[in-house]
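**Q** Could you work out the structure for the sequence below:
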Amino acid sequence: MLYTRPDYYKEFTCTAEQCEDTCCAGWQIVIDSASMKKYRGEKSAYKKKLHHSIHWLQKTFKQDKEKRCAFLTEENLCDMYLNLGEKSLCRTCRQYPRHMEEFENVREASLSLSCPEVAKLLLSRKEKVKFQYRETEEEEEWDDFSPFLYSQLVDARELMFESLQNRKLPIENRIVLCLGMAYDMQNRIDANELFGCGDVIENYRKQAYFSSAGRKVDRYRKNIKAQYQFARRAIEDLYQLELLKEEWDMLLQEAQVRLFGKGEDVYAEIMDEFSEWIQTAYQWDWNIQCEQLMVYFIYTYFCGAVYDERILVNAEMAVAAVSVIWNLMAATWLKNEKQLDLEDVCSIAYRYSRELEHSDENLKRYWNILDEEKLLFR
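**A** Presented below is the predicted three-dimensional model:
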């Protein structure tokens, strides 16, 4: 078994009641079977509180009108933890924001961007993310799993990381390289030419593909209408998803009014001024922050295409994410009288992640939307 994790994984520490936005509110917390059995058998004086705070058929914790977990105190601490200790927590509560993607003989650990502290950890990081590996003697064999396709996806992802972290290139060029590779691999898969994916990966190591990406970016920069339509559609698509927190809806509505309310020419003027401000006045390097976000989303989702062969849409999801975050940053900058700090950017990033990554239905729906609508970069 090969275990993988990003090198910042061990740096995370929960800030508990000091957290700006508790993880115990806003979504249903699903209880694993082992914990359900343990809760049914609880015999202490806490049994009454425990049993009245669980939806036994749904296997979830109850919530109040504000969607706060029944065990969440006014101080944003866990009442169950305070009374029964850490071992009483269900798997979700013990592990969050730690996340695991599973493949045959592979486990890939990550930290979820939906946690404010993780967002801060990732977006304040200047160093390139590296990945740590550990092997054990465990072995497993899965039905309906393609080791060859998985190996091709891993090789492509490694090259994507290399491209995304090539800071000699503009970040837009690096993103287009990743999209191009995913697009060409998808074409091979659709044509039942799986073995051709290796040729695609080798081709994207060539300088000619770097130059081609640069030309595509130059054309896109000159196409104001395309930029406006893509940015507006990326925001509007999010309205088709289940709303988990009301403040997210407000953030989207404000962005629509401030960025898109007066047409593409005004949008272009806003984004030109915002881009200039980011380059000259923003205290952090957006190019590096964008790189970290792209690496995060590609690492978390790209190899999942081994299950459904939807390679391109997994890369498009990463691009859509950074596009939405970028545009929400611009809208927040306008709202804040043309000021923006790291706290603002972290807030936007983790709120985006909470709406997308903590609802399986939202993730599936969003993948389908991206697949159906055909992103601009195709």
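
**Q** Below-threshold pLDDT in the chain: ranges please.
**A** Along the chain, segments meeting pLDDT under 70 span 374-378.

**Q** That one: strands as residue ranges?
**A** 2-6, 54-55, 60-61, 98-103, 106-111, 131-135 (DSSP state E).

**Q** Show me the helices in the stretch 101-250 of the chain, by range?
**A** Using DSSP state H, counting those that start in this stretch, the helices of the stretch 101-250 of the chain run over 116-123, 147-164, 171-190, 197-203, 207-222, 224-237, 246-255.

**Q** go on, the stretch 251-378 of the chain?
**A** Under DSSP H, counting those that start in this stretch, the stretch 251-378 of the chain gives helices at 264-280, 286-301, 311-335, 342-357, 360-373.

**Q** what residues does the shortest one touch?
**A** Looking back up the chat, that one is helix 360-373. 233, 237-238, 240-242, 244, 310, 313-314, 316-317, 320, 355-357 (CB atoms under 8 Å, 6 or more residues apart in numbering). Heads up, the C-betas are built off the backbone N, CA and C, glycines and all.

**Q** Mind exporting the C-alpha coordinates of it to CSV?
**A** The C-alpha trace of helix 360-373 is given here as CSV (Å, rounded to 0.1, in the frame of the first residue of the first chain):
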residue,chain,number,x,y,z
ASP,A,360,-21.7,14.8,-2.7
GLU,A,361,-24.8,15.9,-4.6
ASN,A,362,-23.3,19.4,-5.3
LEU,A,363,-20.0,17.8,-6.5
LYS,A,364,-21.8,15.5,-8.9
ARG,A,365,-24.1,18.2,-10.1
TYR,A,366,-21.2,20.6,-10.7
TRP,A,367,-19.2,18.0,-12.6
ASN,A,368,-22.3,17.4,-14.8
ILE,A,369,-22.8,21.2,-15.4
LEU,A,370,-19.2,21.6,-16.5
ASP,A,371,-19.5,18.6,-18.7
GLU,A,372,-22.7,19.7,-20.3
GLU,A,373,-21.9,23.4,-20.8
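
**Q** What residues sit buried inside that helix?
**A** By neighbour count on 16 or more other CB atoms under 10 Å, the buried set for helix 360-373 is Asn362, Leu363, Arg365, Tyr366, Trp367, Ile369, Leu370.

**Q** Dump those residues into TSV; add distance to Ile175 as well.
**A** Formatted as TSV, these follow (distance: CB to CB, whole Å):
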residue	distance to Ile175
Asn362	23
Leu363	21
Arg365	23
Tyr366	18
Trp367	19
Ile369	20
Leu370	15
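
**Q** which of the residues you listed lies closest to Ser110?
**A** Ser110 lies nearest to Leu363 out of the buried residues of helix 360-373, by CB to CB, at 14.7 Å.

**Q** which one of the helices of the stretch 251-378 of the chain lies closest to Arg91?
**A** helix 360-373 (16.0 Å).

**Q** Any buried residues in stretch 309-321, and which?
**A** Applying 16+ other CB under 10 Å to stretch 309-321 flags Arg310, Ile311, Leu312, Val313, Asn314, Ala315, Glu316, Met317, Ala318, Val319, Ala320, Ala321 as buried.

**Q** from the chain's centre, how far out does that stretch sit?
**A** Relative to its chain's centre, stretch 309-321 lies at 11 Å (CA atoms, centre = their mean, to the nearest Å).

**Q** cool, stretch 49-63 as well?
**A** The answer for stretch 49-63 is 29 Å, by CA atoms, centre = their mean.

**Q** Could you do stretch 17-29 as well?
**A** 18 Å.

**Q** Tell me the span between the first and last residue of that stretch.
**A** With CA to CA, to the nearest Å as the measure, stretch 17-29 spans 18 Å from end to end.

**Q** Test my guess that Val106 contacts Leu2.
**A** Yes - in this structure Val106 lies within contact range of Leu2 using CB atoms under 8 Å: 5.0 Å.

**Q** Looking at the buried residues of stretch 309-321, spot the one nearest Ser114.
**A** Out of the buried residues of stretch 309-321, the member with the shortest distance to Ser114 (by CB to CB) is Ala321, at 12.1 Å.
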